[in-house]
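1. here is my input, please return the structure:
(one chain, ligands or ions: 1)
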Amino acid sequence: MQTKFGFTLMDTGEFESYISDLMVARTIVTLQQHHTYSPNYALFTGDNHFELQRGMRNYHVNSNGWNDIGQHFTIFPDGTVMTGRSIEKSPACIVGQNSNAICIENLGNFDTGGDAMRKEQASAIISATAVICLKFNIPVTTERVVYHHWFRLSDGVRNNGSGGNKSCPGTAFFGGNKVADCESNFLPLVEKVLGGQTNINSNIILKYVSVTARSLNIRTKPDSSSEKAPDRAPATLGAILRVYKIRNGWYKISGSQNHWVAANYTKDVYRATVNADVLNVRNQPSARALKVSELREGEEAFIYEERDGWCRISPEQKWVNKTFLTTT
Ligand SMILES: [Zn+2]
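-> This next block holds a predicted model:
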């Protein structure tokens with residue numbers, strides 16, 4: 001372990017103990033992966049880690065006007081890891097997505113045709129990700145381990161790279177920078193390092209979805225040719241499912257059993273509870289619309305759509321005034 005210019009350089013073993021000993025007050029929910037693009041491999045001489053890190057800090061402070069280097073950690077081509085911004089501070093890495101994040105910058109340009117990532121660096125990225133996920137109880141999923149490419153550059157809205165995005169961490173980063181690439185190439189490597197240790201995460205609900213098919217088969221693996229779950233009937237249109245894991249376009253809908261559904265036949269919904277004594281449900285988003293039913297205080301509702309201060313709480317036309325819902 002070496003320290004210079006206020007930064008500490010570690011090998012992966014030292015990094016593991018460093019992370020496990022850390023006391024962090026800030027809530028950490030996501031882990032971001034980036035590439036530096038510049039500096040790239042050509043500027044790394046094998047012994048100028050501190051100078052490169054200082055150069056990035058100077059650029060972030062003097063050119064970008066930030067109060068410190070943007071990232072928490074930099075991982076170098078030789079597999080060493082260097083501290084950057086204090087982990088108690090939000091990083092400056094993805095607009096709108098920094099407040100509960102840890103930011104890793106991987107030194108190099110990992111766009112196709114750029115730097116060929118060295119083995120030492122690849123294994124350091126995998127192990128640093130695993131160690132951070134374990135420490136902060138971050139599920140190893142593409143909801144929580146994220147690439148810069150998945151967020152629109154202008155406002156940080158997650159669009160999974162569909163337009164107006166940086167290529168970061170590179171179009172060739174572990175075989176690609178898309179969500180599906182991360183799910184099939186990168187996350188399995190992280191899970192392999194963690195072995196059985198990720199079980200602590202298996203009961204965290206990532207989100208809720210509603211079934212959009214008339215009947216949706218529940219399978220034993222994230223694969224349409226796998227067996228149907230013998231102990232669970234197909235889910236029906238409008239059923240609300242909890243999502244515990246996401247793999248290659250499939251959702252694991254049980255914390256304890258291998259029950260999977262194809263994500264294509266679902267729609268994301270948001271859970272809310274009623275905060276009024278009685279809440280009228282109407283057939284249109286208007287106080288003058290016909291009342292079709294009512295909900296009582298504390299009852300659960302799932303929001304499908306919002307319009308002009310009204311929320312649709314069913315696949316059908318059932319609307320309630322948003323003021324009387326508390327989202328959770
Ligand atoms: Zn980035």
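2. please name the nearest non-neighbouring residue to the closest residue to the ion within the stretch 201-328 of the chain.
-> At 21.8 Å from the ion, residue 246 is the closest residue in the stretch 201-328 of the chain, using C-beta to the ion. All C-beta atoms are positioned from the backbone trio N, CA, C, and that covers glycine. Nearest residue to residue 246, sequence neighbours excluded (C-beta to C-beta, 6 or more residues apart in numbering): residue 141, at 5.1 Å.
3. what about residue 321, neighbour count?
-> 17 (other C-beta atoms under 10 Å).
4. OK, contacts around it?
-> 279, 280, 287, 309, 310, 311 (C-beta atoms under 8 Å, 6 or more residues apart in numbering).
5. and the gap between the residue of the stretch 151-300 of the chain found nearest the ion and residue 54?
-> For the stretch 151-300 of the chain, the nearest residue to the ion under the criterion C-beta to the ion is residue 168, separated by 3.3 Å. Note on residue 168: its distance to residue 54, by C-beta to C-beta, to the nearest Å, is 22 Å.
6. so what touches the lengthiest helix in the chain?
-> In terms of residue count, the longest helix belonging to the chain (DSSP state H) is helix 119-136. The contact list for helix 119-136, computed with C-beta under 8 Å, 6+ apart, reads 12, 15-16, 19-20, 22, 24, 28-29, 31, 33, 73, 75-81, 102, 104, 106-108, 138-140, 144-145, 174, 186, 189-190, 193-194, 197-198, 201.
7. which is the next helix or strand following that helix?
-> Using DSSP states H and E, the helix or strand that follows helix 119-136 towards the C-terminus is strand 145-147.
8. isn't residue 207 right up against residue 243?
-> Yes: Residue 207 is in contact with residue 243 according to C-beta atoms under 8 Å; the separation is 5.0 Å.
9. between the two, who's got more neighbours?
-> Comparing residue 207 with residue 243 by other C-beta under 10 Å, the one with more neighbours is residue 243, at 20 against 16.
10. residue 219: neighbouring residues, count only.
-> Using other C-beta under 10 Å, the number of residues around residue 219 comes to 20.
11. hey, what's it bridged with?
-> Listed by DSSP bridges, the beta-bridge partners for residue 219 are residue 228, residue 260.
12. what residues are up against it?
-> Contacts of residue 219 (C-beta under 8 Å, 6+ apart): 226, 227, 228, 229, 259, 260, 261.
13. identify the farthest-apart pair in the residues you listed.
-> 227 and 261 (13.7 Å; C-beta to C-beta).
14. which one's more surrounded, the two?
-> Using other C-beta under 10 Å, the more surrounded residue of residue 227 and residue 261 is residue 261, with 25 against 10.
15. is it true that that one touches residue 221?
-> No: between residue 261 and residue 221 there is no contact under C-beta under 8 Å: 11.4 Å.
16. show me which residues of this protein sit near the ion.
-> Contact residues (C-beta under 5 Å from the ion) of the chain with the ion: 34, 148, 168.
17. turn those residues into TSV, including pLDDT, distance to residue 157 and neighbour count.
-> Conversion of the residues of the chain next to the ion to TSV gives the following (pLDDT from 0 to 100; distance: C-beta to C-beta, whole Å; neighbours: other C-beta atoms under 10 Å):
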residue	pLDDT	distance to residue 157	neighbour count
34	98	18	25
148	98	13	24
168	98	16	27
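18. returning to that earlier point: the helix or strand containing the residue of the stretch 201-328 of the chain closest to the ion - what's its average pLDDT?
-> Assigned by DSSP H and E, residue 246 belongs to strand 245-247. Strand 245-247 comes out with an average pLDDT of 87.
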